[in-house]
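Engineer: This is a predicted model, with the sequence first.
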Amino acid sequence: MTAVLDRAAPAPTPLRRDRRRWVWGLAAVGLVGWALVASGLFSGPVLNPAGSGQFGRFAAAALRPELDPGFLRVLADSALVTVAYAVLGAGLAVVGGALGALAVARTTWGRRRTGWLVARGVVAVPRGLHEAVWGLLLVNVLGLDPWVGVLAIAIPFAAVTATVFAGILDEVPRAAYTALLAAGAGRTTAALYGLLPLATGRLLSYAFYRLECAVRSAVVLGLIGAGGLGYQLALSFASLRWEQVWTTVYALAALCLLADLGGRTVRHRVAEPRPGAGRDRVLSGAVLAVVALTAWAGWYLALSPATLWSVRAREQLDYVLSAAWPPSTEGPLLREVLGAAVDTVLMSVLAIAFATAGAVALAGVAACPHRAGPARRAVGGVVRAVLLLLRAVPPPVWALVLLFVMLPGILPGALALGVYTLGVLGRLVGEAVEEADRRPRETLLAAGATSAGAWLYGTAPALVGPVLALAAYRWEVAVRDAVLVGLLGAGGIGVVLSAATSSFDWPAVTTVLTAIVALSLCIDLLADRARAALR
């Protein structure tokens, strides 16, 4: 979408572009430095030696996970609940995103910029809140109903999907769309018949990516009581049964691996269609499988649509809305929210700095070149498995583990987010390395350069822009994840929200939620400007 808007503006000169990049680079370095100082790393002790024994027992249990048949049956049932939440939540999100994309697309509005800005603002509100926050709010309306887990994924994911789908529609060739408009068709009709067929492949690819993300989100919702593998992980962790914790972690990793492999296969088939092969049976089979899984998930969770408009749900919604308005404007609360928001930003900055450095260090190993030998592929497979394990475990669990050996504060929360983000960013950067032009590196190798030298001078320069752009995108996500970490006590604005919801102080909840949405919007705009500077 931004590419469509940027075409109307004159291209910046190389000198101006370089200056802008230097300004953004210095600002990023200054922000990281501020975050390091505020974390207390240089002003006092950050380690907790008393927790080293418990951390040792936790680490040792990785080699002897719980394999009791009874526990494995419980784990299998929990995995089915997680899959059901993920499939239904992602399915509703894709449907809602497809409908909302036409309302958010710049193409639909044409020159009516005000209407487009209003539509983007409306969509930005639900995606500004983490799925866990939506889960906490929905529990107060629907109680402990399976709809809570489904809708907590579907609502923010639908807003994100609508924004991405709109961007895809804005970027496809517009000749057919323009011809339909000239023939008298409306903008919506022209978009449906002139743009949608050309964008189907990319839309399908992103829909399956949303399904991968929904699996991880369903695990997070389990941590706040929605059931599934996340709930089982929380129970085992609370009772210090480390063998069960590791069995659950390995089950999460296996589930995430299946989702990653399925989504990656679909995206590769979309990106590299076989000419003259007709309908792709793999893609058709994947779509039919997801449809069948969606029907199964609705049956397995025993969802009743009547629950959404029952008398109790309406009464609870009326009560919450009336109690939450007007928001609280008390000075002490506002000062607390402002300080917590700053802590959240600093936590996310440290997390992204750590994850980006780690992803760059591991990128060359995590990538799997086509001509790699058996040893190289084996090492790459081990690194990718470690990255998968890092992103399979939700950030709150990493925070709880780090609090064994670290004192409470910004730093353990930042490292927890950084470890999780490293798992995601490491995979994305590895894929960028695989897709990079290999000719400069091969030329240097043929000229006698070492492998390290060929990597530094032949591959790394071309990856600077994409890696920094990925880091800016993950920063937006890290801010929302920082709220989640705070909900479980690791610091930041999530702690304030948790205290307000626990005491049913609804005016304060409204104030905190408004601050979270405003913070997310500011970070989104800032990250978008940073990505534009890197182009």
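Structural biologist: Structure received. Numbering: from 1, shown residues only.

Engineer: where does the stretch 101-250 of the chain dip in pLDDT?
Structural biologist: Scanning the stretch 101-250 of the chain for pLDDT under 70 picks out the ranges 108, 110-111.

Engineer: List the contacts of the most centrally placed residue in the chain.
Structural biologist: With distances taken as CA atoms, centre = their mean, Val477 lies nearest the centre of the chain, 5.3 Å away. By CB atoms under 8 Å, 6 or more residues apart in numbering, Val477 lies in contact with Thr421. For every residue, glycine as well, the C-beta is placed using N, CA and C.

Engineer: That one and Glu131, how far apart?
Structural biologist: Distance of Val477 to Glu131, given as CB to CB, to the nearest Å: 12 Å.

Engineer: now Leu235
Structural biologist: For Leu235, the distance to Glu131 - CB to CB - is 20 Å.

Engineer: Pick out whichever of the two has more residues nearby.
Structural biologist: Glu131 (27 against 16; other CB atoms under 10 Å).

Engineer: roughly how far apart are the more buried one and Val122?
Structural biologist: 19 Å.

Engineer: Spell out which helix or strand contains the residue nearest to the centre of the chain, please.
Structural biologist: helix 460-487 (DSSP states H and E).

Engineer: Leu303 now?
Structural biologist: Here Leu303 is assigned to no helix or strand, by DSSP H and E.

Engineer: likewise Glu431?
Structural biologist: helix 410-435.

Engineer: related to what we said a few turns ago, so which elements touch the helix or strand just after the helix holding Val477?
Structural biologist: Using DSSP H and E, the helix or strand that follows helix 460-487 towards the C-terminus is helix 493-502. Counting contacts by 3 or more CB pairs under 8 Å, 6 or more residues apart in numbering; DSSP states H and E, helix 493-502 is packed against helix 131-142, helix 331-366, helix 460-487, helix 506-534.

Engineer: Output the lowest mean pLDDT helix or strand found in this protein.
Structural biologist: helix 2-6 (a mean of 39; mean pLDDT, DSSP states H and E).

Engineer: buried sites along the helix or strand following that one?
Structural biologist: Once the chain leaves helix 2-6, the next helix or strand it forms, by DSSP H and E, is helix 14-38. The neighbour-count criterion (16 or more other CB atoms under 10 Å) identifies Arg20, Arg21, Trp24, Ala28, Leu31, Val32, Ala35, Leu36, Ala38 as the buried residues of helix 14-38.

Engineer: Which residue is the nearest non-sequential neighbour of the fourth one?
Structural biologist: It refers to Ala28. Spatially, and ignoring its direct neighbours in sequence, Ala28 is nearest to Ala530 (7.8 Å; CB to CB, 6 or more residues apart in numbering).

Engineer: what's around that neighbour, how many residues?
Structural biologist: By the criterion of other CB under 10 Å, Ala530 has 21 neighbours.

Engineer: same check, this time on Gly339
Structural biologist: Quick note: Gly339 (other CB under 10 Å) scores 13 neighbours.

Engineer: One more: the one 5 residues further on?
Structural biologist: For Thr344, the tally of surrounding residues (other CB under 10 Å) stands at 30.

Engineer: Now it: closest residue in space that isn't a chain neighbour?
Structural biologist: Nearest non-adjacent residue to Thr344, counting by CB to CB, 6+ apart: Gly492, 3.8 Å away.

Engineer: before we move on, what about Thr356?
Structural biologist: Ala471 (4.5 Å).

Engineer: could you check the distance from that neighbour over to Val37?
Structural biologist: Ala471 is 21 Å from Val37, by CB to CB.

Engineer: do the same with Pro408
Structural biologist: 18 Å.

Engineer: got it, and Asp505?
Structural biologist: Here Asp505 is placed at a distance of 33 Å from Val37 (CB to CB).

Engineer: same thing with Gly96?
Structural biologist: From Gly96 to Val37 the distance is 43 Å (CB to CB).

Engineer: Contact partners for Leu129?
Structural biologist: Listed by CB under 8 Å, 6+ apart, the contact partners of Leu129 are Pro156, Arg480, Val483, Leu513, Ile516, Val517, Ser520.

Engineer: Touching, the last one and Arg480? I think so.
Structural biologist: This points to Ser520. Yes: contact criterion CB atoms under 8 Å: Ser520 and Arg480 qualify, at 6.3 Å.

Engineer: Give the intersection of the neighbour lists for the two.
Structural biologist: Common contact partners of Ser520 and Arg480 (CB under 8 Å, 6+ apart): Gly128, Leu129.

Engineer: Of these two, give the one with the bigger neighbour count.
Structural biologist: When Ser520 and Arg480 are compared for neighbours, Arg480 comes out ahead with 23 against 20, by other CB under 10 Å.

Engineer: How about the more buried one, nearest residue that isn't a chain neighbour?
Structural biologist: Per CB to CB, 6+ apart, closest to Arg480 is His130, 4.5 Å.

Engineer: The one you found and Ser39, how far apart?
Structural biologist: On the measure of CB to CB, His130 and Ser39 end up 22 Å apart.

Engineer: out of the two, which sits in the more crowded spot?
Structural biologist: Neighbours per residue, other CB under 10 Å: of His130 and Ser39, the larger number sits with His130, 27 against 22.

Engineer: contacting residues for that one?
Structural biologist: Pro156, Arg480, Asp481, Val483, Leu484.

Engineer: I'd guessed the first one sits against Leu137; true?
Structural biologist: No: the pair Pro156 and Leu137 fails to qualify as a contact (CB under 8 Å) at a distance of 11.4 Å.

Engineer: So which of these two has more stuff around it?
Structural biologist: Neighbours per residue, other CB under 10 Å: of Pro156 and Leu137, the larger number sits with Pro156, 23 against 20.
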